[in-house]
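**Student:** okay, structure incoming, though there's no sequence with it:
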């Protein structure tokens with residue numbers, strides 16, 4: 001007997017089962033990186049005796065660089081291999097990470113673990129993003145991406161709190177990382193056994209796009225040939241298209257300040273007398289607010305547009321960063337973390353939606369990969385830049401400098417980016 005062929009229909013409601021499964025898997029992907037948010041910088045300081053902020057931040061530099069390059073190529077590869085194979089590969093590469101951190105006897109092993117974590121995050125998270133975009137089509141893209149990032153960053157926040165609590169009750173290692181072992185194997189099992197391939201949904205949308213947008217009109221709208229090379233897509237997304245450039249630079253700066261927060265905030269709060277459990281609460285509030293609000297901000301962008309949510313979000317992030325330095329008090333640090341989470345929630349899913357608005361379905365995955373290259377390169381740039389400034393001028397100066405760059409990025413969006421939603425909806 002022949003297996004019954006699945007009917008391919010775009011839409012969130014029509015694909016709710018697979019979409020919900022991918023949301024769950026995104027949560028497991030986010031939990032893997034949440035393992036490190038509170039504990040690893042403190043391991044560097046207390047167990048390995050590192051005093052240089054640049055050295056402590058090296059694990060984020062390795063994570064960011066590897067994740068950035070793998071983002072770019074994983075998306076391109078998925079257009080040939082299929083999404084599911086890349087997702088499974090991401091989980092296979094992520095499984096050793098908690099084991100390496102548990103048994104590491106030199107800091108270089110922590111750096112190596114984060115090379116693997118960067119590959120895991122690039123392959124697995126990229127695929128959950130792209131697969132959701134494939135499934136829903138253009139109409140509810142902001143909502144879909146809001147739900148995706150909600151699951152991922154809520155999991156980051158929960159895991160940052162959980163590892164801080166476990167470390168406070170027991171020790172920095174190994175107990176917090178036992179969770180990572182369970183998470184990695186569960187994510188792999190779900191991806192192998194339950195996830196279905198979605199590449200054919202992208203092919204369907206491409207066909208529908210061509211039916212409603214004649215090639216002669218498409219050439220003037222997309223400003224790329226119908227079969228662009230990867231170089232064409234890279235330059236178009238990075239620089240040539242003003243809308244895509246605005247998104248790429250905002251993504252880079254957003255993760256630049258997140259890289260600073262990841263590496264310096266635990267050290268900053270510890271230097272002002274906070275214990276690991278209290279630090280874990282602050283480190284959980286930021287991604288927790290970020291995650292919880294994205295199902296709101298994503299749909300808002302579907303209705304009101306992308307540009308001003310992105311610009312305002314970057315400016316609000318900057319306000320939260322400045323508040324952390326200006327008011328050195330636990331209550332104000334919690335408020336500052338809320339502002340950072342709110343600003344990031346306004347930016348994160350909306351940037352992905354804006355890229356998806358502009359990019360043609362045929363090369364959309366590659367364009368998302370290029371955007372995610374620049375965005376996640378921000379982790380490395382932020383950790384390295386803030387570490388150098390902190391070593392030279394102090395942690396407070398480094399935090400303030402990153403806040404200034406975040407404010408500048410918001411102004412770039414406000415003054416140079418055109419609205420992207422109209423390119424697909426016509427409204």
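**Tutor:** Received, thanks. Please read all numbers here as calculations on a predicted model, not as lab measurements.

**Student:** residue ranges in the stretch 1-150 of the chain under the pLDDT threshold?
**Tutor:** For the stretch 1-150 of the chain, the stretches flagged by pLDDT under 70 are 1-6.

**Student:** oops, could you answer that again for the stretch 201-350 of the chain instead?
**Tutor:** Applying pLDDT under 70 to the stretch 201-350 of the chain flags the ranges 209-223, 225-226.

**Student:** quick one: the helices in it?
**Tutor:** 215-222, 230-235, 242-271, 276-304, 307-326, 330-358 (DSSP state H, counting those that start in this stretch).

**Student:** gap between the last one and the chain center?
**Tutor:** In other words, helix 330-358. The chain centroid and the centroid of helix 330-358 are separated by 11 Å under C-alpha atoms, centre = their mean, to the nearest Å.

**Student:** buried residues of the helix or strand that it is followed by, list them for me.
**Tutor:** Using DSSP states H and E, the helix or strand that follows helix 330-358 in sequence is helix 364-393. Neighbour counts over helix 364-393 (16 or more other C-beta atoms under 10 Å) mark 364-387, 389-391 as buried. All C-beta spots, glycine's among them, are computed from the backbone N, C-alpha and C.

**Student:** cool, and stretch 266-283?
**Tutor:** Across stretch 266-283, burial judged by 16+ other C-beta under 10 Å covers 266-270, 274, 276, 278-283.

**Student:** and the furthest pair within those residues?
**Tutor:** Farthest apart among the buried residues of stretch 266-283 by C-beta to C-beta are 267 and 281. That separation is 16.3 Å.

**Student:** return the residues in contact with residue 376.
**Tutor:** When contacts are counted by C-beta atoms under 8 Å, 6 or more residues apart in numbering, residue 376 touches 64, 67-68, 71, 118, 121-122, 255.

**Student:** what is the nearest of the residues you listed to residue 86?
**Tutor:** Distances from residue 86 to those, taken as C-beta to C-beta, are shortest for residue 122 (9.5 Å).

**Student:** which secondary structure element contains the closest one?
**Tutor:** In the assignment (DSSP H and E), residue 122 maps to helix 107-136.

**Student:** quick one, that helix and helix 330-358 angle?
**Tutor:** Interaxial angle, helix 107-136 versus helix 330-358 (axes from the mean of the first three to the mean of the last three C-alpha atoms, to 10 degrees): 50 degrees.

**Student:** and the helix or strand following helix 107-136 with helix 276-304, angle?
**Tutor:** Using DSSP H and E, the helix or strand that follows helix 107-136 in sequence is helix 141-169. Angle of helix 141-169 versus helix 276-304, following the same axes, to 10 degrees, is 180 degrees.

**Student:** can you name every helix or strand that helix 141-169 contacts?
**Tutor:** Secondary-structure packing of helix 141-169 (3 or more C-beta pairs under 8 Å, 6 or more residues apart in numbering; DSSP states H and E): helix 16-34, helix 107-136, helix 175-193, helix 276-304, helix 330-358.

**Student:** and stretch 202-209, how far out from the chain's middle?
**Tutor:** Its chain's C-alpha centre and that of stretch 202-209 lie 26 Å apart, by C-alpha atoms, centre = their mean.

**Student:** how about stretch 163-171?
**Tutor:** Offset of stretch 163-171 from its chain centre (C-alpha atoms, centre = their mean): 26 Å.

**Student:** mind putting the helices and strands packed on helix 141-169 into CSV with distance to residue 91?
**Tutor:** Below are the helices and strands packed on helix 141-169 laid out as CSV (distance: least, C-beta to C-beta, whole Å):
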stretch, distance to residue 91
helix 16-34, 9
helix 107-136, 6
helix 175-193, 4
helix 276-304, 21
helix 330-358, 22
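
**Student:** so for residue 46, which of these sits nearest?
**Tutor:** Closest approach to residue 46 among these is made by helix 276-304 (9.5 Å; C-beta to C-beta).

**Student:** related to what we said a few turns ago, out of the buried residues of stretch 266-283, which comes closest to residue 206?
**Tutor:** residue 283 (41.3 Å).

**Student:** which residue comes closest to the closest one once chain neighbours are left out?
**Tutor:** Leaving aside its chain neighbours, residue 283 sits nearest to residue 160 (4.4 Å; criterion: C-beta to C-beta, 6 or more residues apart in numbering).

**Student:** count of neighbours near that neighbour?
**Tutor:** Around residue 160 there are 30 other residues, counting by other C-beta atoms under 10 Å.

**Student:** so who does it touch?
**Tutor:** Contacts for residue 160 were tallied using C-beta under 8 Å, 6+ apart; they are 34, 37-38, 280, 283-284, 287.

**Student:** same thing with residue 75?
**Tutor:** Listed by C-beta under 8 Å, 6+ apart, the contact set of residue 75 reads 126, 130, 365-366, 368-370, 372.

**Student:** now with 10 Å?
**Tutor:** By C-beta atoms under 10 Å, 6 or more residues apart in numbering, the contact set of residue 75 is 83, 86, 122-123, 126-127, 129-130, 233, 363-373.

**Student:** buried ones in the helix or strand containing residue 59, by neighbour count?
**Tutor:** Assigning secondary structure by DSSP H and E places residue 59 in helix 58-81. Within helix 58-81, the residues that qualify as buried are 58-79, counting by 16+ other C-beta under 10 Å.

**Student:** how far off centre is stretch 309-323?
**Tutor:** Chain-centre distance of stretch 309-323: 17 Å, with C-alpha atoms, centre = their mean.

**Student:** report the buried residues of it.
**Tutor:** Neighbour-count burial for stretch 309-323 flags 309-323 (criterion: 16+ other C-beta under 10 Å).

**Student:** stretch 180-189 now?
**Tutor:** Neighbour-count burial for stretch 180-189 flags 180-181, 183-184, 187-188 (criterion: 16+ other C-beta under 10 Å).

**Student:** which one of the residues you listed is nearest residue 137?
**Tutor:** Closest approach to residue 137 among the buried residues of stretch 180-189 (C-beta to C-beta): residue 187, at 26.0 Å.

**Student:** which pLDDT value belongs to that closest one?
**Tutor:** Here, the pLDDT recorded for residue 187 equals 97.
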